[in-house]
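In: give me a model of this one.
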Amino acid sequence: LRNEVMLSRAVLEFGKIPADATAAMVAGLQGLLEGQRGKALAPDAAAVAVVSRLSQSADGDIAKVAQQIGSLWGDATAIKASLARVTDAGASEADRIAAIRTARRLKTDDTREALLAVFLGAASDKLKVEAVRGLADVGSDDTARQLLEKWAGLSPSVRSAVAELCTTRGNWKWPFYRAVESGTVKRGDLPPTVIRALATSQNVNERDKAVQIFGKVQASSAEKLKVIAAKRKVVIAGPVDIAAGHEVAKKTCFICHKLHGEGADIGPDLTGVGRSSLDALLHNVINPNEIIGQGYEQVEVETKDDQTLSGRMTENTATHVKLVMAGPGEAVIDKSNVKSLRVTENSAMPEGLEQMPEADFRNLIWYILAPPGDGRPLTDERKKELIAAGTDQASAAPDPSGSSDGESIALWNPEWRVESPAFEGAPRKYPELAGRANVLMTHPVDERTPAALVKKLMLPAGQKATLRFKVAAHEQGDWELRIKADGELLHKQLVTHDGPRWTDVSLDLSRFGGRVVVLRLENAANNWSFEFGYWADLRIETGEVAARR
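Out: Numbers count the residues shown, from 1 in each chain. Purely as a prediction, here's the structure:
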């Protein structure tokens with residue numbers, strides 16, 4: 001209902017529903033609330049009065065939904081009641097989450113204070129995660145600092161939500177950087193998605209600072225993501241033997257790393273790095289080249305007497321170079337004997353640990369995640385916490401028709417990086433939607449900042465190359481599609497809900513043959529109303545396949 005007159009007429013009909021028809025009234029109000037997603041559209045005063053009266057209903061279910069609708073329309077009484085439900089410890093978790101999701105659209109000082117109260121109070125992790133996501137929309141310049149001050153006492157899932165919030169605005173990134181540099185936030189507490197988002201910022205100062213703090217960042221290949229997903233299933237399923245995991249760690253990890261004082265000093269001390277969640281540890285173990293910390297790059301030194309040595313460089317003075325290597329071992333090379341010195345694109349940590357027997361790999365991972373030295377036994381609850389941290393599983397119950405966890409989004413089309421903030425269910429992957437399989441839903445960051453699908457590639461020289469995909473809009477909205485190559489706008493069109501559900505898009509990329517190019521497919525706001533973008537069948541065709549089209 002995107003027409004004020006038609007909306008007003010429909011709302012007035014609610015006043016004619018019999019008082020005892022509770023189920024019909026609740027269903028109708030919920031449908032009305034759903035229709036206000038994205039951007040609320042207020043009816044005339046008479047219709048607002050109907051909903052205002054219903055918000056005072058003796059029936060709690062009717063009053064609850066009517067209060068949410070009224071708050072979107074600026075009804076002062078409804079706003080007050082809705083915000084009261086946000087902070088009401090006696091209300092159910094589901095009701096409070098629904099109230100938070102409504103309140104975050106109000107963008108008032110009172111809303112911000114209510115969400116901060118939830119975050120600072122004795123609420124569940126699910127509620128705190130929802131409050132943080134709400135603050136991403138309504139927070140002030142000081143919000144990041146206020147949240148980061150409580151970092152030490154937060155659970156992994158809430159820490160992930162706070163870290164994600166800090167990546168969404170420039171004036172929140174700098175307090176976050178300072179917190180990491182001061183040690184308030186440990187690098188190992190951060191999911192890889194947060195580090196990647198910071199290290200790929202379009203602002204050169206923000207990007208340089210991220211690289212200075214976190215080191216080099218390289219996106220995982222499609223093959224690596226599939227291996228990570230497969231090994232995740234192995235780790236989650238099956239019995240765990242922590243003692244056996246310790247024995248495996250002594251033969252593998254402790255050759256280079258320390259954990260609670262045991263092991264070598266070649267790599268980072270695992271006591272505080274890289275094991276905040278199952279997903280973070282799997283990425284670090286299976287693809288150590290994804291995020292390479294400053295000072296842990298692989299350095300190759302070729303000597304004048306034809307020897308090649310590689311390891312982590314710990315000293316580079318006017319007289320010598322010192323490398324530390326697995327074993328542990330070290331090599332000190334006189335500068336007069338150095339023919340060349342090269343910092344490679346790889347981590348000093350070797351790959352291939354995932355190739356060990358499944359039981360050994362499972363036991364190793366759980367030992368590193370929850371060693372006895374942490375003082376937190378690996379209970380079922382602790383396992384759930386470590387599995388959920390860094391994904392979307394700490395928020396509301398999942399939609400059975402789709403998946404919004406980070407793993408599923410990454411595997412939607414692993415060759416493309418998804419840049420889309422958490423917004424009312426987006427990003428989300430659907431196995432099937434509107435007749436298309438494997439569909440991704442995105443939503444812009446705000447009215448100025450689009451969501452994007454990003455891919456760096458080398459197109460073959462002298463061959464036809466065509467980008468092809470399908471896009472769709474929400475049934476009640478539209479959005480602007482932008483296609484860019486190295487920042488150059490190649491194509492722009494409006495994707496609407498009128499006509500056929502899916503729109504075919506194709507673009508000739510042949511002129512970029514023989515060079516590396518970064519493609520960005522952007523889901524940009526048009527009028528900030530139901531700006532959800534749907535993507536399917538994304539591919540790049542080259543050679544004969546593209547030429548035959």
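In: for residue 409, helix, strand, or coil?
Out: Classification of residue 409 by DSSP: H, G, I helix; E, B strand; the rest coil places it in helix.
In: tell me how many other residues surround residue 340.
Out: Neighbours of residue 340 under the rule other C-beta atoms under 10 Å: 10. Any C-beta I mention is one placed from the backbone N, CA and C, and that applies to glycine too.
In: pLDDT (mean, whole number) over the helix or strand hosting it?
Out: With secondary structure defined by DSSP states H and E, residue 340 is part of strand 338-347. If you average the pLDDT over strand 338-347, you get 77.
In: check which helices and strands the very next helix or strand once past it is in contact with.
Out: Beyond strand 338-347 in the direction of the C-terminus, DSSP H and E gives the next helix or strand as helix 358-369. On a contact count with 3 or more C-beta pairs under 8 Å, 6 or more residues apart in numbering; DSSP states H and E, helix 358-369 meets helix 222-236, helix 242-251, helix 278-286.
In: make a markdown table out of these and add distance to residue 145.
Out: Converted to a markdown table, those look like this (distance: least, C-beta to C-beta, whole Å):
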| stretch | distance to residue 145 |
| --- | --- |
| helix 222-236 | 34 |
| helix 242-251 | 38 |
| helix 278-286 | 24 |
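In: for the ones you listed, give me JSON lines that also has mean pLDDT.
Out: Shown next, in JSON lines, are these (pLDDT from 0 to 100):
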{"stretch": "helix 222-236", "mean pLDDT": "82"}
{"stretch": "helix 242-251", "mean pLDDT": "93"}
{"stretch": "helix 278-286", "mean pLDDT": "82"}
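In: from what I see, residue 466 and residue 509 are in contact.
Out: Yes: here residue 466 reaches residue 509: they are 6.5 Å apart, a contact under C-beta atoms under 8 Å.
In: with neighbour numbers in mind, choose between those two.
Out: Higher neighbour count among residue 466 and residue 509: residue 509, with 22 against 17, using other C-beta under 10 Å.
In: which residues touch stretch 174-185?
Out: Contacts to stretch 174-185, defined as C-beta atoms under 8 Å, 6 or more residues apart in numbering, come from residues 144-145, 148, 151-152, 163, 166-167, 186-187, 209-210, 213.
In: how many other residues sit next to residue 64?
Out: Residue 64 has 21 nearby residues by other C-beta under 10 Å.
In: now do the helix or strand hosting residue 53, average pLDDT.
Out: Following DSSP H and E, one finds residue 53 within helix 45-54. Across helix 45-54, the average pLDDT comes to 78.
In: over to stretch 441-449?
Out: For stretch 441-449, the mean per-residue pLDDT is 87.
In: which other residues reach it?
Out: 168, 402, 418, 420-421, 423-430, 433, 450-451, 453, 479, 523-525, 528, 531-535.
In: gap between it and the chain center?
Out: 14 Å (C-alpha atoms, centre = their mean, to the nearest Å).
In: now do the same end-to-end measure for it.
Out: With C-alpha to C-alpha, to the nearest Å applied, stretch 441-449 spans 16 Å between its terminal residues.
In: what are the buried residues along that stretch?
Out: Buried positions in stretch 441-449, judged by neighbour count with 16 or more other C-beta atoms under 10 Å: 441-446, 449.
In: also stretch 518-531?
Out: Buried, per 16+ other C-beta under 10 Å, within stretch 518-531: 519-526, 529-531.
In: for these, work out which two are farthest apart.
Out: 519 and 529 (27.4 Å; C-beta to C-beta).
In: pull the residues that contact stretch 368-385.
Out: 155-157, 240, 242, 245-246, 249, 253, 259-261, 270-271, 275, 278, 281, 366, 386.
In: any chance of a PyMOL selection covering the buried ones in those residues?
Out: Selecting only the buried entries of the contacts of stretch 368-385 in PyMOL, with 16+ other C-beta under 10 Å as the criterion:
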select buried, resi 155+156+157+240+245+246+249+253+259+270+271+275+278+281+366+386
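In: all helices of the stretch 401-549 of the chain, in order?
Out: 406-410, 543-548 (DSSP state H, counting those that start in this stretch).
In: and the ones you listed, which one averages the lowest pLDDT?
Out: Among the helices of the stretch 401-549 of the chain, helix 543-548 scores lowest, at a mean of 55.
In: start to end distance for stretch 456-464?
Out: 18 Å.
In: now the common contact residues for residue 466 and residue 509.
Out: residue 540.
In: contacting residues around residue 302?
Out: Applying C-beta under 8 Å, 6+ apart to residue 302 gives the contacts 308, 338-342.
In: show me the beta-bridge partners of it.
Out: Bridge pairing for residue 302 (DSSP bridges) gives the partners residue 308, residue 340.
In: got a pLDDT number for it?
Out: The model's pLDDT for residue 302 equals 87.
In: measure it to residue 124 for me?
Out: 57 Å (C-beta to C-beta, to the nearest Å).
In: show me where the stretch 401-549 of the chain has strands.
Out: Along the stretch 401-549 of the chain, the segments classed as strands by DSSP state E, counting those that start in this stretch run 417-419, 428-433, 436-442, 451-458, 465-473, 479-485, 488-495, 503-508, 516-524, 533-542.
In: lowest mean pLDDT across these, which one is that?
Out: strand 428-433 (a mean of 82).
In: now do the buried residues in it.
Out: Within strand 428-433, the residues scored as buried using 16+ other C-beta under 10 Å are 428-430, 433.
In: just send the residues you listed back as CSV, with distance to residue 108 too.
Out: Shown next, in CSV, are the buried residues of strand 428-433 (distance: C-beta to C-beta, whole Å):
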residue, distance to residue 108
428, 28
429, 33
430, 34
433, 35
